[in-house]
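> please work out how this folds:
(2 chains)
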Number of protein chains: 2
Amino acid sequence: MTDFITMAHGNGGAAMQKLIREYFFDAFNNPILAQGEDQARIPLNELTKCGQKLAFSTDSFVIDPIFFPGGNIGKLAVCGTMNDIAVGGAVPKYLSCGFILEEGLPLSELKTIIQAMAETCQKAGVQVVTGDTKVVQKGAVDKIFINTSGIGVIPDNLDWGAHRIEAGDQIIISGTIGDHGATILNLRENLGIRTALQSDCAVLTPLIDLLRPIDGIKAVRDATRGGVNAVLHEYAQARDLGMRIEEATLPIRSEVRGICEILGLEALNFANEGKLVIIAKAEKTAEILTALHSHQLGKNAALIGEVTEDKKVRLAGIFGQSRLLDLPTNEPLPRIC
Amino acid sequence: MTDFITMAHGNGGAAMQKLIREYFFDAFNNPILAQGEDQARIPLNELTKCGQKLAFSTDSFVIDPIFFPGGNIGKLAVCGTMNDIAVGGAVPKYLSCGFILEEGLPLSELKTIIQAMAETCQKAGVQVVTGDTKVVQKGAVDKIFINTSGIGVIPDNLDWGAHRIEAGDQIIISGTIGDHGATILNLRENLGIRTALQSDCAVLTPLIDLLRPIDGIKAVRDATRGGVNAVLHEYAQARDLGMRIEEATLPIRSEVRGICEILGLEALNFANEGKLVIIAKAEKTAEILTALHSHQLGKNAALIGEVTEDKKVRLAGIFGQSRLLDLPTNEPLPRIC
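Predicted structure coming up:
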């Protein structure tokens, strides 16, 4: 085997079978994947009880650069889809992986990426049970794109979603805002800011496990591309309501604040890869914050605002003035995830 | 909205929400997708009975060119994953779609592709219930790549798979060999062969529905990338057995034969996108062929060989001579699917 991906690794023939066996099967080793059929076969009685619901989600990852402080495209691909499943209250169980590889990609880089995926899966108790690999000629894709799709099980009687949001509900963020976006921006735009800042890329299942038993949680999302602002707009639009955020309460690292000030950008628009936006009944906020603070991933959780009747998303400043938070119309940071 | 994909269509903001509503939600319209959450929520009791198995599969589509006689990348993306699910005997139910779009892609082309997906899904009774869209800058991807992942249900007591193959079993192909590969090759390499030949890209669920009740079917695969030859090798390897194919019995269109002769290529290595390789007990072949012949998609089905003890994949010629069919080591035709 050469040290680089060649077109032969994508032709359905001998080189491809070797790549799949030695790289993917080895790393993602589990009995369902090992069946070696074109589809994973998942026994339903091992998965769930009748009456429950399946959560099913997909995400493609095209981040540039593929390695960054705090993770790489592989870790991100596992966290991203697992989090999309978990925010529905579901327990993530199985993942698929679709790789699109550029001819010439060093196999050592592919190995590092797969290893990060395998480790992240293992820690989270999730299995990669089916996959696909395509190789395209140099220039037809930038290094490596990964799609992951995932299946989870939503416990009985749990109903988290935008449809339950009402005016007066409180808005909680599970930690500091904008770490992932600021890290990638600093790296890619050569801002030259020396910092220990890293992506917050993480599997959020432990926080979801803490939240699931608490009655009064209305809706949960992870604030990825588009940031906290995009989540607030989606919620506001879905319910024809408004959102009011208190600037003074926002947990933002000083490095992120610095990058925002230099570039005139808004941390609320920056992508996060390990932060939940939680909408809950007002009387439950203390209980939710206590639960979040008990875990490393939620130690900076904060109450940041409330749902209003006025159909606008507003940021209230420290001196009481408030301004509208519009959705950015241009792409502030392409290929952030 | 401009007539082309812009980076703003991928930023999680207003342009992206508009694209998703007006293009995707409109075309794939169904109540699960319309929930508008980050994950589809599929009621299990509508899907299946306890004790059954879920089939779960994924495929990324990177075909070049994206439009071809007989289909386009969208139709192919639906057929490909549905077929991967169906060949396990499963009834395909739900699909996810992940789009990676190049900045500058004409929206009219995207619309045509989505329309083909929606029509193919509708005919097949399958729903797209969750999705993701990424836009990358010009040059970072070639026009459009699509990932689809799918879920189906395997009926009780059905167990098709390589593990059941034995020496003496018969090998059946559901129709002509190599149509998809030859079509793309003719188109892309400017062979200039004028022909009515088109891709066989099709949803194979109707054939699977005919096969499911027949006892004695051991294993079924659709012969895509790598062709019939790759399937035979995978089966031979999985069971440490051999495969003997009779050249005279192979259903191959004269146009495909012509392209093979001009280029010195083997139709058995060409990709198909609507053909099944079926391994079955010898005494059941007549019943299987009758069932296949009753449907338009199976009218050219033929018995083409048998499983042997000798651990080789062989092609027996018209005059009785036989030669080994090796797996191609180089990529004969990149980006065929």
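> what sits against the closest residue to chain B within the stretch 201-337 of chain A?
Evaluated by C-beta to the nearest C-beta, the stretch 201-337 of chain A has A:Gly226 as its residue closest to chain B, separated by 2.6 Å. Every C-beta, even on glycine, is put in place using the N, C-alpha and C of the backbone. The contact partners of A:Gly226, by C-beta atoms under 8 Å, 6 or more residues apart in numbering or on different chains, come to A:269, A:271, A:327-328, B:11-13, B:16.
> number of residues surrounding A:Glu261?
Here the neighbour count serves as a burial measure; for A:Glu261 (other C-beta atoms under 10 Å in any protein chain shown) it reads 10.
> what's next to the strand or helix carrying it, contact-wise?
Secondary structure from DSSP states H and E places A:Glu261 in helix A:254-263. The set of residues external to helix A:254-263 that reach it, using C-beta under 8 Å, 6+ apart, is A:176-179, A:182, A:185-186, A:191, A:193, A:195-197, A:252, A:265-267, A:270.
> among these, which are in helices?
A:179, A:182, A:185-186 (DSSP state H).
> before we move on, the earlier item: out of the contacts of A:Gly226, who's the most crowded?
A:Ala271 (30 neighbours).
> quick check: phi and psi on it?
Here the main-chain torsion angles of A:Ala271 (degrees, to the nearest 10) amount to phi -70, psi 140.
> spatially nearest residue to A:Asp156 (excluding sequence neighbours)?
Ranked by C-beta to C-beta, 6 or more residues apart in numbering or on different chains and with sequence neighbours excluded, the top spatial neighbour of A:Asp156 is A:Gln52, at 5.9 Å.
> in the stretch 101-250 of chain A, which spans are strands?
Taking DSSP state E, counting those that start in this stretch as the test, the strands found in the stretch 101-250 of chain A are A:127-136, A:144-154, A:170-173, A:217-222, A:242-246.
> pick the most deeply packed of those strands.
By mean neighbour count, with neighbours taken as mean count of other C-beta atoms under 10 Å in any protein chain shown, strand A:144-154 ranks first of those at a mean of 28.
> could you list the low-confidence segments of the stretch 101-250 of chain A?
By pLDDT under 70, the stretch 101-250 of chain A contains no weakly predicted segment.
> so how many other residues sit close to A:Leu107?
The burial count assigned to A:Leu107 is 18, neighbours taken as other C-beta under 10 Å.
> give me every residue that touches the residue of the stretch 1-150 of chain A found nearest chain B.
The nearest approach of the stretch 1-150 of chain A to chain B comes at A:Gly12, 2.6 Å away (C-beta to the nearest C-beta). Neighbour list for A:Gly12: B:224-227, B:230, B:271 [criterion: C-beta under 8 Å, 6+ apart].
> and it, how far from A:Glu246?
Using C-beta to C-beta, to the nearest Å, A:Gly12 is found at 56 Å from A:Glu246.
> which ones are touching A:Arg314?
With contacts defined as C-beta under 8 Å, 6+ apart, A:Arg314 is in contact with A:242-245, A:308, A:322-325.
> confirm that it sits in a helix.
No: assessed with DSSP: H, G, I helix; E, B strand; the rest coil, A:Arg314 is strand; it does not lie in a helix.
> pairing partners for it in the sheet, please.
As for beta bridges, A:Arg314 partners with A:Arg244, A:Leu324 under DSSP bridges.
> who in the stretch 101-250 of chain A is up against chain B?
Residues of the stretch 101-250 of chain A found near chain B, taking C-beta under 8 Å from any C-beta of the partner chain as the criterion, are A:129-132, A:134-137, A:139-142, A:145, A:147, A:149, A:151-152, A:154, A:161-162, A:221-222, A:224-227, A:230, A:234, A:238.
> what's the closest of the contacts of A:Gly12 to B:Ala167?
Within the set of the contacts of A:Gly12, B:Ala230 lies nearest B:Ala167; the separation is 20.6 Å, counting by C-beta to C-beta.
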